[in-house]
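1. Take a look and give me a structure for this.
(4 chains, ligands or ions: 10)
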Amino acid sequence: MNITGKNNPYSDIGKLSHINRCIQCGTCSGSCPLSDKMDHAPRELFALIREGSYEEVLASITPWFCVSCYACMVRCPKEIPVTDLMYAFKEKAREQGTVPKNLNMTDMYDAFSKTVKQFGRVTESFLMGRYGMRHPISAVKNAPLAVKMALRHRLELKPQKIENPDTITRLYELTEKGGE
Amino acid sequence: MSETETQIPSYKPRIVALVCNWCTYTAADLAGTSRLSYPAEIRMVRLMCTGMIDQKYILKAFLDGADGVFIGGCHPGDCHYLDGNLKAERRIGGTRNLIEQFGFYPERLKLQWIGASEGPEFQHHMTEFVERIVAMGPSQVRDRMIL
Amino acid sequence: MKICFYPGCSFASSAGYKESTEAVCAKLGIELCEITDWNCCGATVSFGENTIRALSLSSRHFAIAQSMGFSEIVTGCNACYATLRKAVDVLQNDADLFDRTKHVLEQIGITLAAVPTIRHLFEIISCAMPSAAIESYKDVPIAAYYGCQLTRPHQDLDRGDHPTVLETFLEKIGFTATSHSAKTSCCGASHAVIHTNECRVLTQRILREMEGKGAKAVTTICPLCQFNLDQNQSKGVGTNLPVTYFTQLAGLSLGISPKELGMNKFLVTAEKVWTRP
Amino acid sequence: MTSQNQPKTSIPKIGVYVCHCGMNIAPKVNVEEVAEHVKALPHVVVARDYKFMCSNPGQDMIVNDIKELGLNRVVVASCSPRMHEKTFRNALRKAGLNPYYFQMANVREQASWVTKDSVEATEKAKALVSAAVTRVAFHQPLLTREVKVEKSILVVGGGIAGMQAALTSAQAGYQVYLVEREPSIGGHMAKFDKTFPTLDCAACIMTPKMVDVYQHPNIHLFTYSEIEKVEGFIGNFEVTVKMKPRYVDMTKCTGCGLCMEKCPTKKITSEFNEGLSKRTAIYTPFPQAVPNVPVIDAENCLTLGKGKKCGVCAKFCESTAIDFDQQPEFKTVKTGAVIVATGFKAFDPGSIGYYGYGRYPEVYTSLEFERLNNATGPTAGKLVMKDGRTPQRVAIVHCVGSRDQRHKKYCSRVCCMYSMKFAHLIHEKTGAEVWEFYIDIRSPGKNYEEFYNRVQEEGVKFVRGRVAEITDMTDDPKDRGRLTVVAENSLTRRTLRIPVDMVILSVGMEPSPGAEDLGRLMGVSRDADGWFNELHAKLAPVATPMTGVFLAGCCQGPKDIPDTVAQSMGAAGEAIALLSKGSVTTQAEISNIDEDLCTGCKSCIAVCSYSAIGFDEVRRIAVVNEALCMGCGSCSAACLSSAASVRHFSDKQVMGELEMLL
Ligand SMILES: Cc1cc2nc3c(=O)[nH]c(=O)nc-3n(C[C@H](O)[C@H](O)[C@H](O)COP(=O)(O)OP(=O)(O)OC[C@H]3O[C@@H](n4cnc5c(N)ncnc54)[C@H](O)[C@@H]3O)c2cc1C
Ligand SMILES: Cc1cc2nc3c(=O)[nH]c(=O)nc-3n(C[C@H](O)[C@H](O)[C@H](O)COP(=O)(O)OP(=O)(O)OC[C@H]3O[C@@H](n4cnc5c(N)ncnc54)[C@H](O)[C@@H]3O)c2cc1C
Ligand code: SF4
Ligand code: SF4
Ligand code: SF4
Ligand code: SF4
Ligand code: SF4
Ligand code: SF4
Ligand code: SF4
Ligand code: SF4
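-> Ligands and ions are numbered 1, 2, ... in the order given. Take a look at the predicted model:
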């Protein structure tokens, strides 16, 4: 399947055609702070795309581990927008429902998103609480830190919100399907 | 606009390209050897230098029914004859006014530097120019003109 | 000078970032005009979820800022800075996405006309700081930590690796800058709470490098970086470096008291930064 | 006026030949239909299609038709005239017809190869061929002239390329002028110790060659000199050389070296040693320099640059060779051909922040390493770190600045091989563990892959992955002070953080500074990367579009020494072939001013960049100097009276072609 081909159902992944240029040099993976935690190195995702193994890429945990440090992107000798592609993979995986299951990071993303949708802003404590409901162990592990933070008046317990959170909720709903 | 579109569904513009031998013609050859396709409406005349393009060639092309005239030469500094391209640039500025006086849209005349190594750029500019001329529709001045 | 300020969600609860920014700006005559009823920019999450939504979340501010009469938005958080700039970039280069974003905003009663310039608070303050500092702290070597997203991906404020603007700033306000190699190494901030162990390796490498090169304290320009470097030291990294904000050091240099600058809120206490022997 | 102005006598009888070019034109363009179409045009006597027009049977077909059908004009519809115009003109000549009674229609590069739809391609081909037919009817017979040529060759650049070109030309009996801008000839190769793949000693090849160049009776050497001005044309160039002041009289200096020993200004960075050592203000770049005459670096000299009273060198020089009053000298030489051999410059890795060059002392460029490794270098060839220790582990980083869209997008072609040369030398000299980080190993050359295998067997650790970062940040406290090389091993998919003592950056090549100006002086264009353009990538790799100017060595693109030497000999051969006959044929397509139409307005004189038009004060008309005219046509476009026009590009010819295209 040609990356930019008309009959490629995945060709709407943002900036996908750039992958044609990749020479598999590994600068991106070598620059990536969390590459070792990923199931595929960023470089491998591009090789998989060229093979046509889109399903594997869109089910990979790699994009979810990307912290957007942009180290890969500014070093790639072929100027491939690696970080932007990570975003695009996540968006596509979400759209087609292949977000990896049982991944802390995706739960965190969900918790974050729900909080913004509800209040318009995020509050760390509240976000952690929301995430903690699904990850009690993590919540317990982080409890001492929370106490220390509270002692230094750094723990906001009341969720911050904007004047009219409904606007943001509406914005979320409006964009549910890409703004149509 | 939509009127024009429905009127002439398969409008094929008539376009000539006057190009210099050393840069743009070479780029066209490179586009050829690299099999970079572009619209067939482009008809090219090979000259030694854009500097030899006489105003009357351009005017003649328009009066003979050209919908667009493309002129391609070397980038400034790369002219095989030192600065023929710059002379052409100055002259073509004047030609724009001239053809406008005849009633042609000056946008139908384009000057572009395309270096010998720029096969893909050649393809790009040809495609873009044809698209531009197609969007403008056929040149109707000649028909209206009493010759 | 009036600036249009976007604080972002982590600003208020951070260890004195808010206090020090307000105190320093007051002293420098900078008026912080907070974007009316700002919302979360979506950080690194929203772009991976839905491009239009991410653009809309950011653009809401662009429209509000414009209605307040500003063409520039200033933020003090690297993540917000990167996210807002990304939105600006996309909107400027993709007319289709611009129109679709505009359409979404229209439906919540907001008109998006133009995109602003995004600047980091650091740019504003470092320009405004007087070069003759009131107090001198030459005996306190500070390691400047830029984090990833100030110089990357744009690399227009300074080079992506081994930038120097923060060091120049430190020297200007009377501190000594420690030369080190971890300035833009990623600390994994946005994953730190969840992947504590994985990210600890990163923070540890950074903090040990700073301490190894002789730093007595760190300065940061982002609440996420500050939090991550600060909290990890309570988890056995083995270093003891107070992690300050650049605004707090600016404040000290302008003679503002540590308390007023919120410097009592760190997990690693920072007395050694201002205590004179 | 001249015989070229003959009125056309005969009625045109045109033959048209449409080429299939095997499968290149025919399946896309319906060649029979095209031939059929043009048969209907005025004056066309015959129109045929044939599989390969440029083949011998194809050419014979034209010759026969000319003889048997009495054709007096020919059109071939095939490939680009840049490819085969000469071929077919020769066929006409063979048949006794003036070669300018010919026109080519390019239906391959402009129709079959670039048009998707076959019907459209055929239509376009018809238009192009019809235009050519119309044009050729207006063609006139043109004559070329023989011009005597100067039997001498000027070579610019004295690296291995320039030296070899000079020697080959001189051996053939030609007078050679070799211009080198540095104080000594030698170029980059003079900096090397060993060369791949044979590992023979560079100095052992270089030093005798440099001496040969110096002593050859036919070679006149201009060192510390640059090209100031180029005038004239093929066979008859006049080149002005600027000799920069050396402040040492070449005729008096004996090369004793006493001045250098005594000069008090001793702390100047040595360019030759890549900044790894210091030199004096009066210096020769290296001990084996040719000529072995020092120069004074005026900027740093106490007397010349700093306005102080020193003069120590002059005091000690027994030959009274020091001359503080020397001025630049200009010398004009006449030459028939020019060979450009200005070489390359090594890429400066300072712009790649994440490699820390200039920040970490133990990060070297490959050229620095060449000096470090050289017996005549700053450490007398001992491979040691700046603190004098022997490295235990060394990393070599490939593709620095090359294959990188942010810097140089091309592969520099020699760095894989020299990197492996380094690996071998380090291993041999120090026993250190060597790690090579590469993207692809490029070793296409005779005995090159074998060299790779040899280095592999020596235990060098090859890691397939481009280095992501070089840092002094360490994970293990006992590695403090060392460097860490970070890269993904793309074959094991692991991120490596390797502590090393020394890093060598295998930097790529870029065009030599000043190439742009030189190109402008010579009229030679450069490609997008700045390398000089050869006339044809395959068929004329040493000639340039500027007739009489040839290319040798790295100035045309990255290459190693064997390729450089081969190309240099090729360039010398071409120059010799050009000049050996004693005369060259000038082009026929030059300007012609019709005396009857010229009003004497002088517009043409003002626009001619070659000062090729003079003014006849008596007749009050403009007159073209045919030896100087290049045929650019600026005059014809400027002439409002239609008096000036370039032969073969007359208004009738161009407008006739235009008319048929629309
Ligand atoms: C680190 C390194 C190691 C290498 N090792 C090997 C090896 O082991 N084996 C191998 O085969 N190849 C090797 N090469 C490649 C080799 O260096 C080149 O192939 C060779 O030097 C090219 O010779 P050249 O004469 O074209 O260019 P250069 O050596 O660059 O010579 C050009 C000369 O022209 C002069 N010049 C430039 N501009 C002007 C001007 N405007 N006017 C007058 N003079 C001018 C310069 O001063 C210079 O003397 C290596 C290259 C590098 C970078
Ligand atoms: C599949 C393939 C594709 C290629 N594609 C390209 C390409 O796209 N671009 C490119 O630059 N290069 C290409 N090459 C390389 C190119 O073919 C060679 O560089 C080129 O053909 C070499 O020319 P030559 O004259 O040295 O050898 P040859 O083409 O082999 O010519 C040698 C001639 O000598 C004759 N001969 C041999 N022995 C004797 C004898 N004892 N007496 C008399 N005559 C003899 C042979 O019959 C033959 O005619 C390709 C090579 C291959 C194999
Ligand atoms: S750095 Fe760029 S070229 Fe190299 S593997 Fe990654 S994406 Fe591909
Ligand atoms: S931007 Fe993401 S993928 Fe790229 S190096 Fe950083 S974490 Fe890895
Ligand atoms: S200038 Fe004089 S002292 Fe110097 S090397 Fe020449 S002869 Fe010797
Ligand atoms: S005059 Fe200049 S070159 Fe001569 S010895 Fe003094 S400093 Fe050196
Ligand atoms: S020769 Fe090797 S090291 Fe040099 S640019 Fe090419 S691939 Fe890279
Ligand atoms: S042998 Fe041919 S195909 Fe194989 S690496 Fe060499 S050039 Fe490439
Ligand atoms: S421009 Fe024409 S008319 Fe004027 S002097 Fe030149 S040839 Fe004669
Ligand atoms: S053709 Fe060009 S070079 Fe010749 S006389 Fe005219 S302007 Fe001068």
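
2. Let's check: the centremost residue of chain B is which one?
-> Centroid-nearest residue in chain B, with CA atoms, centre = their mean: B:F70, separated by 0.7 Å.

3. and that residue, that one's in a helix?
-> No. Under DSSP: H, G, I helix; E, B strand; the rest coil, B:F70 sits outside any helix and is assigned strand.

4. wait, what's in contact with it?
-> B:I15, B:V16, B:A17, B:L18, B:V19, B:I42, B:K110, B:Q112, B:H125, B:M126, B:F129 (CB atoms under 8 Å, 6 or more residues apart in numbering or on different chains). C-beta here means a position set from N, CA and C on the backbone, and glycine is covered the same way.

5. Quickly find the element holding residue 143.
-> I went with chain A, as the question did not name one. helix A:136-151 (DSSP states H and E).

6. switch to chain C, that's the one I care about
-> C:A143 belongs to strand C:137-145, assigned by DSSP H and E.

7. Can you pull up the most central residue in chain A?
-> By CA atoms, centre = their mean, the most central residue of chain A is A:W64, 4.4 Å off.

8. Excluding covalently adjacent residues, which one is nearest to the residue in chain D that chain B sits nearest to?
-> Per CB to the nearest CB, D:G633 is where chain D lies closest to chain B, at 2.4 Å. Nearest non-adjacent residue to D:G633, counting by CB to CB, 6 or more residues apart in numbering or on different chains: B:M52, 2.4 Å away.

9. what residues are up against D:L178?
-> D:V155, D:G158, D:G162, D:M163, D:A166, D:I185, D:V213, D:I219, D:H220, D:L221, D:F222.

10. Actually, D:V45.
-> Counted by CB under 8 Å, 6+ apart, D:V45 has contacts D:K13, D:I14, D:G15, D:L69, D:G70, D:L71.

11. Domain parsing of chain D, as residue ranges.
-> Domains of chain D are assigned by automatic domain parsing as D:14-136, D:152-243+D:332-343+D:512-583, D:245-326, D:349-509, D:591-646.

12. do the third one and ligand 1 meet at all?
-> The one in question is domain D:245-326. No. Judged by CB under 6 Å from any ligand atom, domain D:245-326 stays clear of ligand 1, getting no closer than 9.8 Å.

13. Now the terminal residues of that domain, how far apart.
-> 6 Å (CA to CA, to the nearest Å).

14. By proximity to ligand 4, which residue of the stretch 51-200 of chain C wins?
-> C:C186 (6.3 Å; CB to the nearest ligand atom).

15. can I assume that residue is in contact with A:P33?
-> Yes. Using CB atoms under 8 Å, C:C186 makes contact with A:P33 at a distance of 4.2 Å.

16. which residues are common contacts for those two?
-> Shared contacts of C:C186 and A:P33, defined by CB under 8 Å, 6+ apart, comprise A:V67, A:C69, A:A71, C:L202.

17. Distance to C:G160, pLDDT and secondary structure added to the residues you listed, as a markdown table?
-> Listed next are those as a markdown table, based on distance: CB to CB, whole Å; pLDDT from 0 to 100; DSSP: H, G, I helix; E, B strand; the rest coil:
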| residue | distance to C:G160 | pLDDT | secondary structure |
| --- | --- | --- | --- |
| A:V67 | 16 | 92 | coil |
| A:C69 | 11 | 94 | coil |
| A:A71 | 8 | 96 | helix |
| C:L202 | 17 | 93 | helix |
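
18. and which of these is nearest chain D?
-> Of the shared contacts of C:C186 and A:P33, the one sitting nearest to chain D (CB to the nearest CB) turns out to be A:A71, at 7.7 Å.

19. How about the stretch 51-200 of chain C: which residue is closest to ligand 7?
-> Counting by CB to the nearest ligand atom, the stretch 51-200 of chain C gets nearest ligand 7 through C:D161, at 21.0 Å.

20. For the closest residue to that residue other than its chain neighbours, give me phi and psi.
-> Leaving out its chain neighbours, the residue that sits closest to C:D161 by CB to CB, 6+ apart is D:G353, at 3.4 Å. The phi and psi torsions at D:G353 (degrees, to the nearest 10) take the values phi -50, psi -40.

21. Give me the nearest residue to D:K209, chain neighbours excluded.
-> Per CB to CB, 6+ apart, closest to D:K209 is D:M163, 5.6 Å.

22. again, but for D:S490
-> A:G26 (4.0 Å).

23. Number of residues surrounding A:D166?
-> 12 (other CB atoms under 10 Å in any protein chain shown).

24. Surely it is in a helix?
-> Yes. Under three-state DSSP, A:D166 sits within a helix.

25. Ligand 1 versus the residue located most distally from the centre of chain A, what's the distance?
-> What lies farthest from the middle of chain A is A:L151; by CA atoms, centre = their mean that is 32.1 Å. Relative to ligand 1, A:L151 is positioned 61 Å away (CB to the nearest ligand atom, to the nearest Å).
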